[in-house]
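Asker: Just a sequence and a predicted model for now, questions to come.
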Amino acid sequence: MNEQYEGFQDPTELTRWTRGFLYASLALPLFSIWVEVSDFRGSDLWGYGSEGPTMGFAASVILMALSRIGLTLITAILVLTWVQRANHNARSLGAVDMKYTPGWAVGWYFVPIAWFWKPYQAMKEIWRASANPADWRGETVSPLLHWWWILWIAPFWGLSLVDWTVGRTLDEAGAETLEAATGLVGNILNIPLIFVLLAIIGRVHSMQMKHARRQAAAT
């Protein structure tokens, strides 16, 4: 596409908020790992003993669940907004004939089957166009992007497939143990996933701001 997106939008504030919520979201897998390890060890994590959960415990569980949903939702919105802004800014810095528009750089995350590779390709395009807007096709892509996509696909889809296929052959106790084990592995993998995404966002932001300052100084 030759469409030009005029008007570079300073992504500094958006990047700061996105990275901040990503750091905050590290609490989710860390807390889940703690809970799952305690369950494996048979610990009475919540301390309600043989009498069963209390009203206070139930309220705490609901509050934690709502907090988890809220933090996950806000973080996802910020990340997708950042992707849209990064694509827009790459175009406004001079990158032409980019295949993925700002809208579709986000939209492909919600298209079944295509979500296995299209978002990754869109992010690679953003990286290249941010590194060298004038001649982005010849730019190499950081291994960070490969690791980001592997760490996203493996726990989200691979472990779900294991649960669905292997779990069907087990009894109820075995299926619950398998689900807990895959959940633990998924939470462990989410930690490097967040750090890799933080690195990608920081690097793309740095590259785009460098080109924006250079172009502003030249005018």
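Answerer: Everything's here; your move.
Asker: Per-residue pLDDT of Tyr100, please?
Answerer: Looking at Tyr100, its pLDDT is 96.
Asker: May I have the phi/psi pair for it?
Answerer: Taking degrees, to the nearest 10, you get phi -100, psi 130 for the backbone angles of Tyr100.
Asker: For it, list the residues it contacts.
Answerer: Shown in contact with Tyr100 (CB atoms under 8 Å, 6 or more residues apart in numbering): 87, 108, 118, 121-122, 125. C-betas here are computed from N, CA, C, even on glycine.
Asker: What's the mean pLDDT across stretch 66-86?
Answerer: The model assigns stretch 66-86 a mean pLDDT of 94.
Asker: in that stretch, what's buried?
Answerer: 75, 78-80, 82-86 (16 or more other CB atoms under 10 Å).
Asker: Could you tell me how far that stretch lies from the centre of the chain?
Answerer: Centroid separation for stretch 66-86 versus its chain: 9 Å, with CA atoms, centre = their mean, to the nearest Å.
Asker: In terms of secondary structure, what does the longest helix seen in the chain contact?
Answerer: Identified as the longest helix of the chain according to DSSP state H is helix 172-218. Judged by 3 or more CB pairs under 8 Å, 6 or more residues apart in numbering; DSSP states H and E, helix 172-218 is in contact with helix 12-25, helix 27-40, helix 55-92, helix 118-131, helix 143-153, helix 159-166.
Asker: out of those helices, deepest packed?
Answerer: Most buried of the helices and strands packed on helix 172-218, by mean neighbour count (mean count of other CB atoms under 10 Å): helix 118-131, with a mean of 22.
Asker: now the angle from that one to helix 143-153?
Answerer: Calculated by axes from the mean of the first three to the mean of the last three CA atoms, to 10 degrees, helix 118-131 forms an angle of 160 degrees with helix 143-153.
Asker: ok, residues contacting helix 118-131?
Answerer: Applying CB under 8 Å, 6+ apart, the external contacts of helix 118-131 come out as 83, 86-87, 89-91, 93, 95, 98-100, 104-105, 108-109, 111, 136-137, 139, 141-142, 145, 148-149, 200, 203-204, 207-208, 211.
Asker: Check the offset of it from the chain's centre.
Answerer: Distance, centroid of helix 118-131 to centroid of chain: 15 Å (CA atoms, centre = their mean).
Asker: Specify the angle between that helix and helix 172-218 in degrees.
Answerer: Regarding helix 118-131 and helix 172-218, their directions subtend 20 degrees when assessed with the same axes, to 10 degrees.
Asker: Output helix 118-131 as CSV - backbone C-alpha positions only.
Answerer: Below are the C-alpha coordinates for helix 118-131, written out as CSV (Å, rounded to 0.1, in the frame of the first residue of the first chain):
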residue,chain,number,x,y,z
LYS,A,118,-0.5,-12.6,10.9
PRO,A,119,0.2,-10.6,14.1
TYR,A,120,3.8,-11.8,14.1
GLN,A,121,4.3,-10.7,10.5
ALA,A,122,2.7,-7.3,11.3
MET,A,123,5.1,-6.8,14.2
LYS,A,124,8.1,-7.8,12.1
GLU,A,125,7.0,-5.1,9.6
ILE,A,126,6.7,-2.5,12.3
TRP,A,127,10.2,-3.4,13.6
ARG,A,128,11.8,-3.1,10.1
ALA,A,129,10.0,0.1,9.3
SER,A,130,11.0,1.6,12.6
ALA,A,131,14.6,0.7,12.1
